[in-house]
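Peer 1: Okay, sequence plus prediction incoming.
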Amino acid sequence: VRLVEQAQASRAPMARLADRWATGFLALTLALAGGAWLLAGDPRRALAVLVVATPCPLILAVPVAIIAGLSRAAQAGVLVKSGGALEALALARVLLLDKTGTLTEGRARLLSIHPEPGFTADRVLRLAASVDQASAHPVAQSLVAAARARALPLALPDQVEETPGDGVAGVVEGQAVLVGGAGHGAREAGLPRQALPPDAPAGAVLVVVMVDGRLAGRLVLADPLREDALAMLAAVRGAGIRRVVMLSGDRREVAEAVGAQAGLDAVHADLSAADKVAMVRAEQAQHGRVVMVGDGVNDAPALAAADVGVAMGLRGATASAEAADAVLLVDRLDRLAEAMRIARGARGIAVQSVA
């Protein structure tokens with residue numbers, strides 16, 4: 001309700017421009033009406049000029065078109081928070097996508113566990129899943145689901161601290177447990193970056209588990225491309241997007257494997273939340289208006305920095321939905337292309353009315 005109220009109260013740049021034009025147009029109309037009265041000597045001539053020149057399309061049609069566009073987008077499953085966001089969505093030509101949970105299913109499947117000496121596979125998974133109960137990240141949720149599927153008893157973690165895009169640390173049954181990406185775990189332990197096992201499939205994700213500062217094991221997960229990803233990318237290109245780029249915190253090999261499957265124009269990997277913001281700024285400087293789609297807490301800054309931030313509202317984090325300019329209310333990426341077509345149609349009607 002609050003987001004709808006914000007959308008209704010906000011005004012698109014075109015609506016503000018139309019109001020400024022209308023002010024000048026009013027002065028011109030009054031001058032013409034006065035001149036017609038003086039030349040004809042008949043006040044009815046002034047009235048005729050005022051009636052004919054009433055700028056209803058200029059003053060009314062623009063906000064009506066924008067509000068109609070917001071309503072149509074909501075019916076299509078996309079809540080656009082403001083008229084300005086709808087107008088920017090119509091003009092955008094670059095699409096930036098997060099990987100996990102946005103371009104991929106976000107429900108990674110646990111493929112294998114590689115414990116270090118002194119640890120068992122079940123113990124590694126139980127400790128990792130226990131601390132991951134405090135995280136909303138899709139990979140964390142997958143580990144929790146895998147542990148529960150094995151009927152492993154999970155403990156409640158204490159002193160949990162999550163580093164968006166890197167990992168989660170906490171205390172489980174008196175042991176300091178860190179669960180994170182290969183690079184993050186290695187940095188924390190002062191070890192070289194951990195590599196995927198040779199038999200891991202292309203695009204697999206490696207999660208490192210540290211216990212009391214010691215490497216406990218590695219978990220290999222696979223996060224497949226969403227079924228509607230390729231159709232969505234084709235649809236957004238058809239709606240006017242000329243460049244599609246993926247921003248990911250995962251390893252470069254993983255990100256590039258997914259990017260190759262999706263046929264993206266560029267892939268940037270090993271990115272922190274700050275790096276994603278920097279990439280948004282760089283794309284804006286080089287290619288113009290940018291639409292960013294993401295779902296995690298680490299995507300929120302990039303969503304706020306983009307011209308139009310779009311959050312995956314159904315499965316995404318609350319922080320990303322708060323920071324975004326639009327929220328996908330259904331778990332369907334193709335709705336974004338439909339919202340872009342609606343935005344272009346609404347803006348076209350507004351421009352037509354002004355002209």
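Peer 2: Here it is on my side, so go on. Computed from a prediction, not measured in an experiment: that's the story for all the values here.

Peer 1: From here on, just use CA atoms for contacts and neighbour counts.
Peer 2: Fine.

Peer 1: where in the stretch 151-300 of the chain is pLDDT low?
Peer 2: Segments of the stretch 151-300 of the chain classed as low confidence (criterion: pLDDT under 70) are 165, 183-203.

Peer 1: show me where it has strands.
Peer 2: Taking DSSP state E, counting those that start in this stretch as the criterion, the stretch 151-300 of the chain carries its strands at 158-163, 167-172, 175-181, 204-211, 214-222, 243-247, 266-268, 290-294.

Peer 1: The third one packs against which elements?
Peer 2: Using 3 or more C-alpha pairs under 8 Å, 6 or more residues apart in numbering; DSSP states H and E as the contact criterion, the elements in contact with strand 175-181 are helix 121-132, strand 167-172, strand 204-211.

Peer 1: Return the set of buried residues in it.
Peer 2: The neighbour-count check on strand 175-181 (16 or more other C-alpha atoms under 10 Å) flags 176-181 as buried.

Peer 1: Kindly report the same for the shortest one.
Peer 2: Residues of strand 266-268 classed as buried under the neighbour-count rule (16+ other C-alpha under 10 Å) are 267-268.

Peer 1: partners of that strand in the sheet?
Peer 2: The strands that strand 266-268 pairs with in its sheet are strand 243-247 (parallel) (by DSSP bridges).

Peer 1: and what of the last one?
Peer 2: Taking DSSP bridges as the criterion, strand 290-294 pairs within the sheet with strand 94-98 (parallel), strand 308-312 (parallel).

Peer 1: Next: the second one.
Peer 2: Take DSSP bridges as the rule and strand 167-172 pairs in its sheet with strand 158-163 (antiparallel), strand 175-181 (antiparallel).

Peer 1: want to try TSV for those strands, with distance to V131 as columns?
Peer 2: Compiled in TSV, the strands paired with strand 167-172 are given as follows (distance: least, C-alpha to C-alpha, whole Å):
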stretch	distance to V131
strand 158-163	7
strand 175-181	7
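
Peer 1: what about the helices in the stretch 1-150 of the chain?
Peer 2: Taking DSSP state H, counting those that start in this stretch as the test, the helices found in the stretch 1-150 of the chain are 2-9, 13-40, 43-53, 56, 62-75, 83-91, 121-132, 138-149.

Peer 1: What separation is there between the nearest residue to A155 once chain neighbours are set aside and S112?
Peer 2: The shortest distance from A155 to any non-neighbouring residue, by C-alpha to C-alpha, 6 or more residues apart in numbering, is to S130 (5.4 Å). Distance of S130 to S112, given as C-alpha to C-alpha, to the nearest Å: 18 Å.

Peer 1: Those two - which one has more neighbours?
Peer 2: Comparing S130 with S112 by other C-alpha atoms under 10 Å, the one with more neighbours is S130, at 25 against 15.

Peer 1: That one against V172, yeah?
Peer 2: Yes. Contact criterion C-alpha atoms under 8 Å: S130 and V172 qualify, at 7.0 Å.

Peer 1: overlap in contacts of those two?
Peer 2: Both S130 and V172 are in contact with 155-157, where contact means C-alpha atoms under 8 Å, 6 or more residues apart in numbering.

Peer 1: ok, residues contacting stretch 90-105?
Peer 2: Taking contacts as C-alpha under 8 Å, 6+ apart, the residues outside stretch 90-105 that touch it are 106-107, 138, 223-226, 229, 240-248, 255, 280, 283, 287-295, 299, 312, 316, 340-341, 343-344, 347.

Peer 1: nearest to D307, of the strands paired with strand 167-172?
Peer 2: The closest of the strands paired with strand 167-172 to D307 is strand 158-163. By C-alpha to C-alpha, the value is 25.5 Å.
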